[in-house]
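**Student:** Here you go, sequence then predicted model.
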Amino acid sequence: MGPTTHSQTQPTLFPPTLLPGLQRRTTAIVTLVLAVLVVVFLWKGIFGGAFVSSDSLSSESFRPYLEQVSKRGEFPLWVPYIFSGMPGYGALLVTGDRWWDLVSAVVFGVAKAIGTVFGSDTARIGFWYVLYGVGVFVLLRRKDHVPLVALLGSIAAVFSTFVIVWVMIGHLTKPVALAMFPWILLGLESLRERWNPAHALLLVVAVHVLIESTHLQMVFYGVCTFGLYLLFELISRLLRRESVLGVVRAGLVLGLAAALSFGMAADRYLTTLEYTPYSTRGTAPIKFKLNPDSVQQQKLDGNDYEYATNWSFSPEEMITFLIPNYFGFGKMDYRGPLTGGRSTKIMAYWGQMPFTDAANYMGIIVLVLAIVGAWLYRRDVFVQFLVVLGVFALLLSFGKTMPLLYDLFYYHLPLFNKFRAPSMALAMLQFAVPILAAYGVRGIGEQRSDRLVRWLFIGAAAWLVLGFVVPAVIETSYQQSVQQSQQVAQYAPEVKAAIARFVFNEMRSDWMSGGFVLLLGVGLLWVWQRRKLPPHWALLGLIAVVTFDLWRVGYRPMEVAKGNAVSRTFQQYDYVDFLRRDTTAFRIADFGALPVPNASAYYGLENIHGYHSAKLRIYQDLMDEAGNGGGSVIMNPFLWNLLGVKYILSDRQMFEQSEPVFRSSTGTLVYANPSALPRAFFVRHAARARDGEILSRLRAGNFDPRDTVFLEGTLPSGIVPPDSTATVELVERSFHWQRYRVRTRGTNIVFVSEVYYPVSWRAMLDGKEVPIYKANFAFRAVVVPPGEHTMEFRFVSPAFERGKTLSMASTAIVLLAAAGVLWQAWRSRRGLAAARTQSG
């Protein structure tokens, strides 16, 4: 006999309450349970220090900048401290006080308050994990799952390995986005059944939080998830010839919620859309324009194919769903001959991706139960949706390794080529599998025969036996594969052999551990179905086994810095004090001396390098084609001079003929560059050239920047060489403006060593706007007439100003709607009270 339908009464095998005697406030109890579990799991990160991740430390780099911007009453639209200056807000690099978006301020304020109470940013992110778990629980309860089964699904969702690892590696916006998935589905479910203005309003809030997570790739996966849900609901009703009004209503409200949510976030996203055409995510590298014959599998308006697909999952790595260590896992504790017996974290991954922090393990019991649930409830529309969502996510995650679906999206879906790391699509699978696992538990409980469980037990036993046999057979070939992998092949033979032995032993141990866990979990299902244990204890035991299984794996990459990682990283270094003694406008070229890539922002030093995934395309092209550093750094002394690099920082000797001007106690060497040009200077002549020719000249350094400036457009007329009395002096500057005093006797051209960004930077001469010319490929030039003038540059973002106005208007609409819902609720309650009084 198959599983019962939702409307049928479940057998007594399912306890109707969370625990005996706890019939009320089930959701509150589950919230507390999930909060305790999250706090215990993240205990070291909350109370013992902070997780070590370059992403989180990189974000901390901008805190002093944001504080200064706020004090000046400005908004962080431009960051001068990395890549010689780039958009901050539009690149989703930093954000300011968006006081006008009250909805976002309240919701994110709760998370921030929790972080403040615990004194830990990890606790702030923990709030989103709890909210995610509660959302999955409520969604499963709405689908008629008993509390303990729903709790199992929610725990499996929260502690799915790569999901919980996000907080450890500094991917702090992904948990915010994923936390909204179940709540948005709940809103759609409710609105599909009947119109409810309060639920519609909550849907708006959930969609807005998803959008405000600022992780656009996760937002896209949310769109895919909710779109598939509505599609399945619509098709199922059409096939059954039922009314589709409810599905249409839910879809329309979702569209309205998206519009209002985007409106409330318009200042952010209109600014981002303004920046995108000028970023590495909006325009392909210039090399494809210069060498059209080299264009293969490229789209010229986004990430190139190779860059976009670097982190592609692969079909063979699906084995990590069962054996997380099969490809080395990621970050692992190593204790052996390579470290003299000391425990240390190493990157043990040896698969086809460049590296990864952890395996995409969802729990071996959870996965088996999900497969069972998918089969037993294969006629359930919601289950069908979850199965297709999981398969869709898996195929999309394969990227270049099996590009059946990915290439379709990359080449034909607008904006999709802005995304990278296809493996991130597995977030949708990691959302679907725990919910399907709850269906699996329910389906097993509704089986009158124990035949299914017996087969599961036989399969679990066979898997355990294979864990003893297969590793013994493949030991030699496995270790050879590890040694030949791109991650390990670079090491000395003895190091390769030691790593291969370690990875193999961990894989074998992991296989057997997973086998025992699976056998124990299936055993609990068997005694539960055979009524050998009370239902509560059997399900609690299964929850404990699932939790243990996920914790034993999820804990592996956890790396917590002792003490305050921020204060230890951002010390007051002596070489920083040395640099700060120079009060002129200058830039530095950092070659690994600073503690993290963007630390220059923390110390208020303008760096020609940095780290961000969406740099200005013009600057990346400059680095790629003329930087002589492989595209990641600038090694070209000619560009150092043009960029005004006065000091070069390195953690090792760089120049044989030059001595450093400062030797730090930390080992950092500071070299002076006496050839650095000032921030602005007059140039004798202007010449017209194409971008490729200009880059070639910059790469070769075969012209005098004071003699000639190369422009790409029409040359301004009437330019004459400046005489000896012409001067240009930087008088005053802030983050979003600079002021120069200019004196000249003729019509001269001034070269300004600031990055060219025409959409927002405006040049003013004595208060009147004048053109900015694109000079020497990536810089600015202004023509100045005779006389003494004040030349100003101001950053003005029309998109930000329009977006801010739209955000205020949208927020006002939502607040008015909320007031209307509350007023209606008050009237209803008042009417009920009056009715009771009259009847009494």
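**Tutor:** Right, received. Where do you want to start?
**Student:** Could you list the low-confidence segments of the stretch 601-750 of the chain?
**Tutor:** Residues of the stretch 601-750 of the chain meeting the criterion pLDDT under 70: none.
**Student:** what about 90?
**Tutor:** Applying pLDDT under 90 to the stretch 601-750 of the chain flags the ranges 613-614, 629-632, 653-658, 713-714.
**Student:** in stretch 557-576, what's buried?
**Tutor:** The neighbour-count check on stretch 557-576 (16 or more other CB atoms under 10 Å) flags Pro557, Met558, Glu559, Val560, Ala561, Ala565, Val566, Thr569, Phe570, Tyr573, Tyr575, Val576 as buried. Using the backbone N, CA and C atoms, a C-beta is placed for each residue, glycine as well.
**Student:** residues making contact with it?
**Tutor:** With CB atoms under 8 Å, 6 or more residues apart in numbering as the test, stretch 557-576 has contacts from 44-45, 48-52, 57, 60-61, 165, 168-169, 329-332, 345, 357-358, 593, 595-596, 599, 602-603, 605, 649, 662, 664-666, 668, 670.
**Student:** before we move on, back to that, got CSV for the buried residues of stretch 557-576, with secondary structure too?
**Tutor:** As requested, the buried residues of stretch 557-576 are exported to CSV (DSSP: H, G, I helix; E, B strand; the rest coil):
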residue, secondary structure
Pro557, coil
Met558, coil
Glu559, coil
Val560, strand
Ala561, strand
Ala565, helix
Val566, helix
Thr569, helix
Phe570, coil
Tyr573, coil
Tyr575, helix
Val576, helix
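**Student:** quick revisit: list the ones among the contacts of stretch 557-576 that fall in strands.
**Tutor:** Among the contacts of stretch 557-576, the members falling in strands are Gly49, Ala50, Phe51, Lys331, Met332, Lys345, Leu649, Phe662, Val670 (criterion: DSSP state E).
**Student:** Tell me how far the spatially closest residue to the last one that is not a sequence neighbour lies from Tyr647.
**Tutor:** The reference is to Val670. If the residues on either side of it in the chain are set aside, Val670 comes closest to Phe662, at 4.0 Å by CB to CB, 6 or more residues apart in numbering. In this structure, Phe662 and Tyr647 are 9 Å apart, going by CB to CB, to the nearest Å.
**Student:** Give me the distance between the two termini of stretch 48-63.
**Tutor:** 22 Å (CA to CA, to the nearest Å).
**Student:** same thing with stretch 786-806?
**Tutor:** Span of stretch 786-806 from end to end, CA to CA: 43 Å.
**Student:** just stretch 771-778 next, same as before
**Tutor:** One end of stretch 771-778 to the other measures 15 Å (CA to CA).
**Student:** Let's test this: mean pLDDT of that stretch, rounded?
**Tutor:** Predicted confidence along stretch 771-778 averages 97 (mean pLDDT).
**Student:** and what of stretch 828-840?
**Tutor:** 70.
**Student:** Same question for stretch 312-320.
**Tutor:** 96.
**Student:** List the contacts of Ala200.
**Tutor:** Gly187, Leu191, Val253, Leu256, Ala257.
**Student:** on that earlier part again, as a markdown table, the buried residues of stretch 557-576 with distance to Leu452 and pLDDT would be great.
**Tutor:** Putting those into a markdown table (distance: CB to CB, whole Å; pLDDT from 0 to 100) gives the following:
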| residue | distance to Leu452 | pLDDT |
| --- | --- | --- |
| Pro557 | 35 | 90 |
| Met558 | 36 | 89 |
| Glu559 | 41 | 84 |
| Val560 | 43 | 82 |
| Ala561 | 48 | 75 |
| Ala565 | 49 | 72 |
| Val566 | 53 | 76 |
| Thr569 | 54 | 83 |
| Phe570 | 57 | 88 |
| Tyr573 | 64 | 94 |
| Tyr575 | 67 | 95 |
| Val576 | 66 | 95 |
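**Student:** now the residues you listed as JSON lines including distance to Ala626?
**Tutor:** Formatted as JSON lines, the buried residues of stretch 557-576 follow (distance: CB to CB, whole Å):
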{"residue": "Pro557", "distance to Ala626": "39"}
{"residue": "Met558", "distance to Ala626": "42"}
{"residue": "Glu559", "distance to Ala626": "38"}
{"residue": "Val560", "distance to Ala626": "42"}
{"residue": "Ala561", "distance to Ala626": "38"}
{"residue": "Ala565", "distance to Ala626": "37"}
{"residue": "Val566", "distance to Ala626": "36"}
{"residue": "Thr569", "distance to Ala626": "32"}
{"residue": "Phe570", "distance to Ala626": "32"}
{"residue": "Tyr573", "distance to Ala626": "31"}
{"residue": "Tyr575", "distance to Ala626": "28"}
{"residue": "Val576", "distance to Ala626": "29"}
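**Student:** That's all I had, so thanks and see you.
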